[in-house]
Every structure is written in C-alpha cells, then in structure tokens.
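K.L.:
Return a 3D structure for these sequence lines:
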Amino acid sequence: MEVRCGKRIIVLDAGTGIRELGLKLEREGVRELDLLISHGHMDHLQGFPFFNPAYRATTRIDLYSAQEGVDALQKLMIQPHFPVPFEALAADICFHEMNGHCQLGDVKVTAHPVNHPGGCIAFRLEYSGKVLVYLTDHEPYGNSRDIGVREFTRGADLLIREAQYSNPEYEQKRGWGHSRFEDAVADAIEAKVKTLALFHHDPQHDDDFLEAELTSLRTRYAKAPLEIYLAREGQAIEIA
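P.N.:
Predicted coordinates for the structure are as follows:
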C-alpha cells in the first residue's frame, strides 16, 4: 500500500507488491519515504529484500514498527534465506519503535494493537482533514476490547481492512487471527466509516468468488451509508 500526502510518501507493509513500487519510485526520483510495518509475518515482509530503493545510498527510509517487526525484517535477510544481509543495504534506514503515535511531517499517525497471533498493529493516518485507517490481520476479540478497535476507525474516510473468510470458512479457522467479511462491514457501519476497502484476500478465493461476495454484501447492506468495494492490485484512490 502506498499513501501520498502532499509530497510525503508512506508505504504500508512490505509484501510482494513493494518490488514494483520500488521500481516506480526510482523512476520518479524519490529519495525519501516512510515505511510502516504492521507485524512480522512473512506475507507482510517478503517483498522488502527486492525493494530497489533500499540498495541506493541516496535513499532515506524511516521505518516504523513494533520491535518484533524490525527483528523479523532483519532475520528475513540472514543466510540461507537471502544472499544479501540487511546490514549491507546502502540506503540510510532509520528504525523507529512505534509507540502509540508519531508525526510524519503534516501527517499524524496513530497505532492501535489488534488481535493476531504474534501481535499486529493498525495505523490511522490523518492529513488535511481526511482520515485513512489501515487495519490488517485482525480477528474480533468477541468482548469489550472490540469497542476500542471500532473507535480507532471511527469516522474514517477510507478504511482498508482485511476480510479473509466467509462465515463457513471462519468456523474452521477460529483463532487464526483474521476477520470475516461480515465483521469488517458491520464494524465499519457502526463506526460510521465512509468507504470500506476489503483486502488481504484469501489466496484460495479467486476473482469470481470475491465478486460474488461483494455483490452479496452490497445487497444485504444496501441501506447502510457505506461504500464497499474490493481492493485491487494497482488501484489508485483519491480521498478528496
């Protein structure tokens, strides 16, 4: 996920898509960026060793994460997993432990823990009167702690939230740390979110399955003041 706030470039997690993003940023001559890591699981880090800007001495990367995410990123590039050790990267990479909130230029960033094995944090970005929330890898607690997560997303112009399971699938995968489509939509409506982008699609869900699920959700929640859509690779959204 790439977020642009004026000239500020913020990258959310480092899955395989970050490789193509790195090539694009190099073509644009970008030399500074912020990288926010939600947690240290492979699918959120595995693109980083192929992120070209990290190999350029002219690039500065400010990396924000819980300490566990930083450790996982460094271990990812240890032999025999990858031939180039993290310490050999030429870019100026500065680690910042994410501890509640920080200010990235004119962007206010707030973090909130969510329910996922090994830990995970969601990010709320506020800029120029607009709010984007990035909430990945979260399974509802089923208790009062869910109120805090919903409040964290309250009034967001855009909520990017994972929705990995259908209802029947979830019954087989309780405790795996992921949400149902229903969870994401119901929470967004209660928190008065304006637009909900469903992402972190299950690898076994093909496009036809996802489109059918989206149609069903839009039908069932047609009266709710919420726009729902599927996040797609290469998609660009302007929050105006």
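K.L.:
Please settle this for me: is Arg124 part of a strand?
P.N.:
Yes: applying DSSP: H, G, I helix; E, B strand; the rest coil, one finds Arg124 inside a strand.
K.L.:
Can you tell me the SS state at Asp34?
P.N.:
strand.
K.L.:
Make sure it is actually in contact with Tyr64.
P.N.:
Yes: counting by CB atoms under 8 Å, Asp34 sits close enough to Tyr64 to count as a contact (6.7 Å). Every C-beta, even on glycine, is put in place using the N, C-alpha and C of the backbone.
K.L.:
anything in contact with each of the two?
P.N.:
Here Asp34 and Tyr64 have no joint contacts, going by CB atoms under 8 Å, 6 or more residues apart in numbering.
K.L.:
Can you give me the buried ones in the helix or strand bottoming out on mean pLDDT in the chain?
P.N.:
The least trusted helix or strand in the chain, going by mean pLDDT, DSSP states H and E, turns out to be helix 67-76, with a mean of 83. Under the neighbour-count criterion of 16 or more other CB atoms under 10 Å, helix 67-76 has 69-70, 72-73, 76 buried.
K.L.:
Helices of this structure, start to end?
P.N.:
With helices called from DSSP state H, the chain shows them at 18-27, 67-76, 145-153, 167-172, 181-190, 207-220.
K.L.:
For the least confident helix or strand of the chain, which helices and strands make contact with it?
P.N.:
Judged by 3 or more CB pairs under 8 Å, 6 or more residues apart in numbering; DSSP states H and E, the packing partners of helix 67-76 are strand 60-65, strand 92-97.
K.L.:
can we see that at 7 Å?
P.N.:
Applying 3 or more CB pairs under 7 Å, 6 or more residues apart in numbering; DSSP states H and E, we find helix 67-76 packed against no helix or strand.
K.L.:
Taking strand 92-97 as reference, get the angle to it.
P.N.:
On the basis of axes from the mean of the first three to the mean of the last three CA atoms, to 10 degrees, helix 67-76 is oriented at 140 degrees to strand 92-97.
K.L.:
Dump the C-alpha coordinates for helix 67-76 into PDB.
P.N.:
C-alpha atoms of helix 67-76 as PDB (Å, rounded to 0.1, in the frame of the first residue of the first chain):
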ATOM      1  CA  GLN A  67      10.300  -4.100  17.800                       C
ATOM      2  CA  GLU A  68       9.200  -7.600  16.800                       C
ATOM      3  CA  GLY A  69       8.600  -6.400  13.200                       C
ATOM      4  CA  VAL A  70      12.100  -4.900  13.000                       C
ATOM      5  CA  ASP A  71      13.700  -8.200  14.200                       C
ATOM      6  CA  ALA A  72      11.800 -10.200  11.700                       C
ATOM      7  CA  LEU A  73      12.800  -8.000   8.900                       C
ATOM      8  CA  GLN A  74      16.500  -8.400   9.700                       C
ATOM      9  CA  LYS A  75      16.200 -12.100  10.100                       C
ATOM     10  CA  LEU A  76      14.500 -12.400   6.800                       C
END
